[in-house]
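# this one's sequence-less:
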């Protein structure tokens, strides 16, 4: 602001007698503007910027976000090396909940689960028809830490791991007549406390004792060693309605799970085991 | 286009050498400067005993710990609405003052004004008053000029360093940080913050001064909307002063065109040209003019705080209306009411906030789980905040009448201990037996009771329970 009024040119714009003055800008402002232009040119030389036919110019500083991410991951891995080693060699059943490795495992296990397991078991581990719910208190092959770890490591009914869990229910359509199958179904419905046809209960019970009790147990409580489901509880992997049970009796059903021991690191198996166990169903 | 061909499109800054002035407004400005600087520099050093594990600094923005301490008030991140409320109050307060008294904030309390004033004081002490400064600026470089400039810049830099240095003390324990800064052990962010603030203080206060107000600050461009004809602002009584003239002839007005008001202006403007954007209403021109009026035996107030609505009255020789009539008008009263409302609401919120802080988030993936006995289980993430300086046990229970059983993940007990000044996330399960109302319904309203076993205080948090019928 000068003391004497300068004769300033107007821009020629006028509204209601108010003219727009064309006052000069401060010079520092101009220089700052030039400086940003120079900075901008320098920036595009120093950093990847210009689009080329195959990718962008690399920039003199050789900056790369991919390399930065790789370095970040390496740094995190290095920082966690101790706790990863602890986790990989840990006996999960004696690992304290206060151990940093425990919390590291639960958090990391959640990521392992989302990447590898959620496709079948659901993002919340709630399962689906044919895919076990991992949140409830019913476990086909056992829900202790070591049992879960074994299942994760070796999988179920796969051909890549000789130690995989294996169970096979016969398709009773080839063994029993349709009347006999129907009687067994009524008995299974009775076992789980559902409405059933009392007229064939006796026949069903006899057939059950003959054909099914060797795996599912005399009382229908199942056998975790054999992977035979408990038939008396409220949880049905393939549905508990008369139609669903009848289909299962007639055709049998088998789920398959890969042996994750062949694909995941030792610490990842331990981590996902810890994660699954603390979801609320762990025994 | 006119004859502007000789005029550059870009202008260098015209240096301003404000003259020393004394008077009531200058005294007021000194006092406000001392008060504001004292508040700024001393505040981080006030101690406040909060117990063994909490910082004993009265005002502390603990970014790492995500806490804000202000004397007896402690603000957690989820209570950030307090800060938002204070910012709203600051905004409305600025509107209030501007509508009543023009740009008093700019003229007296704005940091840019305060520090520029401080820098001008240094400049005067080193180089002398206005005339000496102009002489020195025009003189060719010499040993003396270099010495004076060096001294001035050195002191400016020292003030700038103290300014930036004081800022970081608001974000860490001041005595500890001071020791770390001196022994070069402080965090790099502390040094870079000090560096940036030192540079901006030095450049803005020392060299850019009024240009910051005119070109960089948005407030001058908005403030016109806050003012009206009743706003008291610094103005020139041209009906009394004009026609101005150096010779005292009978027909002349009171203004003797001595330029005193222009020479003292830190913004370099002539208030006699009328209201202008650059004026920060610091009132130094009033002091300067009153001084001259006294010397030539005329009444004071040729340049004065006045409202434009009084102009017709004054032209007819009547006295202006009293100040309070300008200040108390609907506009300022509405601003005052809004400001007070916000303040009362904040104080109220401060007093009703619970000591136990808890949030309950129902887990929706999946919405419920059927257990082997047919009961229905819902899971909840309960976040407990322990605002006390010692570890505290909290008991979590479900409200009793719905036959819901609460189970805490990882423990067979109902109690969970939360570490001092920490937040703990606890997974809680609610189980409804087979056939019970919540299990068979779709959605049931439920309530958690959380009791602080140390103090006996109880709070509740409401949520919902998803039943079998939801599917």
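Nice, I can see it. Since the model is a prediction, treat every value here as computed from it, not as a measurement. Numbering: from 1, shown residues only, chains lettered A, B, ... in the order given.
# So for chain A, the centremost residue is which one?
What sits nearest the mean C-alpha location of chain A, by CA atoms, centre = their mean, is residue A:114, with 1.9 Å.
# Hmm, residue A:123 and it touching each other?
Yes. Taking CB atoms under 8 Å as the definition, residue A:114 is a contact partner of residue A:123 at 6.5 Å. Where C-beta positions appear, they are placed from N, C-alpha and C, glycine not excepted.
# need the strands for the stretch 201-350 of chain B, in chain order.
All strands of the stretch 201-350 of chain B, identified by DSSP state E, counting those that start in this stretch, fall at B:232-236, B:303-307.
# out of those, which comes closest to residue A:86?
The closest of these to residue A:86 is strand B:232-236. By CB to CB, the value is 71.3 Å.
# tell me what that closest one is packed against?
helix B:81-101, strand B:303-307, helix B:323-327 (3 or more CB pairs under 8 Å, 6 or more residues apart in numbering or on different chains; DSSP states H and E).
# helices and strands around the longest one, which ones?
With contacts defined as 3+ CB pairs under 8 Å, 6+ apart, the packing partners of helix B:81-101 are strand B:73-75, strand B:232-236, helix B:323-327, helix B:330-352.
# what do you get for the last one?
Contact analysis of helix B:323-327 by 3+ CB pairs under 8 Å, 6+ apart lists helix B:81-101, strand B:232-236 as its packing neighbours.
# As TSV, the ones you listed with mean neighbour count would be great.
Converted to TSV, those look like this (neighbours: other CB atoms under 10 Å in any protein chain shown):
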stretch	mean neighbour count
helix B:81-101	17
strand B:232-236	22
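# Which of the ones you listed sits closest to residue B:430?
helix B:81-101 (30.3 Å).
# I'd like the next helix or strand past that closest one.
Per DSSP states H and E, the first helix or strand lying C-terminal to helix B:81-101 is helix B:104.
# Mind listing residues that contact that next one?
With contacts defined as CB atoms under 8 Å, 6 or more residues apart in numbering or on different chains, helix B:104 is touched by B:97, B:98, B:281.
# and the residue nearest to the centre of chain A, what does it touch?
residue A:123.
# what helix or strand is it on?
Per DSSP H and E: helix A:100-116 holds residue A:114.
# Buried residues in that helix, which are they?
For helix A:100-116, the neighbour count (16 or more other CB atoms under 10 Å in any protein chain shown) marks A:101, A:102, A:104, A:105, A:106, A:108, A:109, A:110, A:112, A:113, A:116 as buried.
# ok, the last one touching residue A:257?
No. Counting by CB under 8 Å, residue A:257 is not a contact partner of residue A:116; they are 10.8 Å apart.
# follow-up on the earlier one: just curious, which of the contacts of helix B:104 is nearest to residue B:209?
Nearest to residue B:209 out of these is residue B:281 (CB to CB; 16.5 Å).
# and the gap between the closest one and chain A?
Residue B:281 is 15 Å from chain A, where distance means CB to the nearest CB, to the nearest Å.
# Over to residue B:238?
16 Å.
# repeat for residue B:110
18 Å.
# Please name the residues that touch that residue.
Here residue B:110 is in contact with residue B:280 (CB under 8 Å, 6+ apart).
# Let's see the pLDDT reported for it.
If you check residue B:110, the pLDDT there is 94.
# Kindly report the same for residue B:9.
Predicted confidence (pLDDT) for residue B:9: 68.
# Quick check: next helix or strand after the lengthiest strand in chain A?
Criterion DSSP state E: the longest strand present in chain A is strand A:10-15. For strand A:10-15, the following helix or strand on the C-terminal side (DSSP H and E) is strand A:18-21.
# can you give me the helices in the stretch 101-250 of chain A?
A:118-121, A:145-154, A:178-191, A:201-211, A:213-216, A:242-251 (DSSP state H, counting those that start in this stretch).
# tilt between the helix holding residue A:114 and helix A:145-154?
Relative orientation of helix A:100-116 and helix A:145-154, computed by axes from the mean of the first three to the mean of the last three CA atoms, to 10 degrees: 40 degrees.
# Now do the buried residues in stretch B:200-219.
Buried residues in stretch B:200-219 (16+ other CB under 10 Å): B:201-202, B:204-206, B:208-214, B:217.
# what does chain A put close to chain B?
Residues of chain A found near chain B (CB under 8 Å from any CB of the partner chain) are A:1-3, A:5-10, A:12, A:22-30, A:97, A:122-124, A:126, A:133, A:135-138, A:230, A:233-235, A:278, A:280-281.
# Now restrict the residues you listed to buried residues only.
Buried, going by 16+ other CB under 10 Å: A:1, A:9, A:22, A:24, A:26, A:28, A:30, A:122, A:124, A:126, A:133, A:135-138, A:230, A:233-235, A:278, A:280-281, out of the residues of chain A next to chain B.
# Cool, thanks, talk later.
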